[in-house]
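**Q** Following is a predicted model, sequence given first.
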Amino acid sequence: MLQALAIKYRPKTFDELIGQKAVSASLKYALNSKRLAHAYLFSGLRGSGKTSSARIFSRALVCDEGPNATPCGTCKQCVAALEGKHIDIIEMDAASNRGLEDIQSLIEQTKYAPSMARFKIFIIDEVHMLTTQAANALLKTLEEPPNYVKFILATTDPLKLPATVLSRTQHFRFKQIAQNEILTHLKDILNKEDVKFEEEALKFLARSGNGSLRDTLTLLDQAIIFSENHISTAKITEMLGFLDPSKIKEFYRAILHKDREKVFEFLEELQDYEASSVIDEMLFYLKESFFARSEEFSTLIYERFFRILSRAKNLLCDDDGFTLCVMAFMMMEASHLKEIDTQINELQNQIKTPTNEPQKENIKLEILKPQISQNAYELLLEKIYDRDYELAECFKQSTKFIAYENEVLIISSNAQGQNRTLLNQGFKIIQELLRENFGTNAKIEVRKELVIDESKLQSLKQNVNQNDLNSQFDELRKDAKKADPQGEAKEALKQCFGDPRVE
Ligand SMILES: [Zn+2]
């Protein structure tokens, strides 16, 4: 029978241990410097290398050449240990031997000196499963074992261990093995096994293994058989019940192009899959594209799609199809934004390039100009609405567009009281939005214009007297409010005094 890959490629030295650099470095140092404790605790996720490390460490302790970090592998101690038959290395699974009696018989064994090695080593797996009584019984021996005894306790759940056990052991934490380290290991094995593969397919295997190398290798065994020695993405997604990534890509494309028919087709097809895994697939695809800096999605779309997908995950209910529909439509809705972005960019370009154009073009632009510049104000307003509704309302109420020239947006403001405070506070945001959308040189110029009391203006017009014109004018100014001038009043003032002075 074919040997399982997880067993065939089980690490035999610390250097072969995958993804646990920190732990293996500390253990190697302890061995080489002979700073040995009498009890160790290895904690970490399943399949993260705890048991393998315990075995390597045990062998390093008993090797005739040792103890050192690189057991020879050839002495009789090493050979027996490698075959799993070393009489002084005792493995116990606390999940199935969790009672007081089991521990009592283990304690009994510690009383006899090792038969062939310098140490007698007890490896207790899943130690958190021991009953309280059993754990208590172990405490005393754990604290002061005979000097030839070493304990290596392993657990997936160190929080379940009594503090008294934790305090009597040297604790090593095994972290979840990184995906890329698992990938490298898989490629290495497949090359040695002479199996062809697509790299993308291996990613699916690694993801399904959830950080457990052992589980991933078990899946790899299955994959080699299922795909008849050629591991392709299509085969693996079929085996694992995943959606083919090319489908996901097409689905996203349909959404971005608002191709309703296509989206419906996909939604129907997706009903054959579990909605939660479809969402996971979509999240994964988006994440991969994001890190690959793909231009398939704009930054805004990334942000919105991530949000919609995570919301969809929370929405999952009995009716999976419904959740997917809602998700798809929210995405279609969210992708409208891209159009606004594009429009702004286009306008920006139009505004920026008027000068060196040929004569004809200039005329055209001249006609277009007021419209475009008015748009500059409206676009800015729209952007402010996107960012802060209240600020936008206030901006709309209390400012008026005057002109947009040479990257300067000129507005008048009659903001008073609360509006004034709000605008002052929000001015930085407004400025920032302006620069974001109209270039870094863009500026806002706010003009406060004077509003003239109309009745006074009328009487002034009737008794124009050059001598006291100045004093009259001063009086007029005193009563003037800081607000946008009324068109008529402005015109009238202009007729009397020429252009009104603007403050
Ligand atoms: Zn040896």
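**A** It's in. Residues are numbered from 1 along each chain as shown.
**Q** Any figure for the gap between the closest residue to A22 other than its chain neighbours and S43?
**A** Using Cβ to Cβ, 6 or more residues apart in numbering and skipping the chain neighbours, the partner closest in space to A22 is K175 (7.8 Å). Bear in mind the C-beta positions are built from the backbone N, C-alpha and C, glycine included. Distance, K175 to S43, using Cβ to Cβ, to the nearest Å: 10 Å.
**Q** more neighbours, the two?
**A** Ranked by neighbour count (other Cβ atoms under 10 Å), K175 and S43 place S43 first, with 22 against 15.
**Q** Which residues are in contact with the more buried one?
**A** Listed by Cβ atoms under 8 Å, 6 or more residues apart in numbering, the contact partners of S43 are 50, 154-158, 171-174.
**Q** what do you get if the cut-off is 7 Å, keeping everything else the same?
**A** The neighbourhood of S43, defined by Cβ atoms under 7 Å, 6 or more residues apart in numbering, consists of 155, 158, 171, 173-174.
**Q** residue ranges with poor pLDDT in the stretch 301-450 of the chain?
**A** Flagging of the stretch 301-450 of the chain using pLDDT under 70 yields the residue ranges 318, 337-341, 352-374, 448-450.
**Q** Secondary structure element for whatever residue of it ends up closest to the ion, which one?
**A** The ion sits closest to K313 of the stretch 301-450 of the chain, with a gap of 51.9 Å, by Cβ to the ion. Assigned by DSSP states H and E, K313 belongs to helix 299-315.
**Q** For that helix, which outside residues touch it?
**A** Residues external to helix 299-315 that are found in contact with it (Cβ under 7 Å, 6+ apart): 279, 282-283, 286, 290, 297, 323, 326-327, 330-331, 334-335, 337-338, 341.
**Q** quick one: which of those residues sit in helices?
**A** Judged by DSSP state H, these include 279, 282-283, 286, 290, 323, 326-327, 330-331, 334-335, 337-338, 341 as members of helices.
**Q** Of all pairs in the residues you listed, which one spans the longest distance?
**A** Within the ones in helices among the contacts of helix 299-315, two members stand farthest from each other by Cβ to Cβ: T323 and D341, at 28.2 Å.
**Q** for the protein, which spans come out with low pLDDT?
**A** By pLDDT under 70, the weakly predicted segments of the chain are 1-2, 318, 337-341, 352-374, 448-503.
**Q** Contact residues of it facing the ion?
**A** Proximity of the chain to the ion is confined to 63, 71-72, 75, 78 under the rule Cβ under 5 Å from the ion.
**Q** Most neighbours of all those residues, which one?
**A** Neighbour counts for the residues of the chain next to the ion peak at P71, which has 27 neighbours (criterion: other Cβ under 10 Å).
**Q** Make sure it is actually in contact with A60.
**A** Yes - using Cβ atoms under 7 Å, P71 is in contact with A60, at 4.7 Å.
**Q** Name the residues linked to F42 by a beta bridge.
**A** In this entry, F42 is beta-bridged to A154, F172, by DSSP bridges.
**Q** got the residue ranges for the strands in the stretch 301-450 of the chain?
**A** According to DSSP state E, counting those that start in this stretch, the stretch 301-450 of the chain carries its strands in the segments 399-405, 408-413, 443-447, 450-451.
**Q** and of those, who's closest to K111?
**A** Closest to K111 of those is strand 443-447 (Cβ to Cβ; 86.6 Å).
**Q** what angle do that closest one and strand 408-413 make?
**A** Orientation check (axes from the mean of the first three to the mean of the last three Cα atoms, to 10 degrees): strand 443-447 against strand 408-413 gives 30 degrees.
**Q** Same question for strand 443-447: list its buried residues.
**A** Residues of strand 443-447 classed as buried: I444 (neighbour count, 16 or more other Cβ atoms under 10 Å).
**Q** cool, and stretch 86-102?
**A** Buried-residue list, stretch 86-102, by 16+ other Cβ under 10 Å: 86, 88-89, 91-92, 94, 97-98, 100, 102.
**Q** now stretch 170-187
**A** Residues of stretch 170-187 classed as buried by neighbour count (16+ other Cβ under 10 Å): 170, 172, 174, 177, 179, 182-183, 185-186.
**Q** what about that stretch, start to end distance?
**A** Start and end residues of stretch 170-187 are separated by 35 Å (Cα to Cα, to the nearest Å).
**Q** same thing with stretch 289-301?
**A** With Cα to Cα as the measure, the first residue of stretch 289-301 is 12 Å from its last.
**Q** cool, stretch 162-177 as well?
**A** End-to-end for stretch 162-177, by Cα to Cα: 27 Å.
**Q** Distance from it to the middle of the chain?
**A** 29 Å (Cα atoms, centre = their mean, to the nearest Å).
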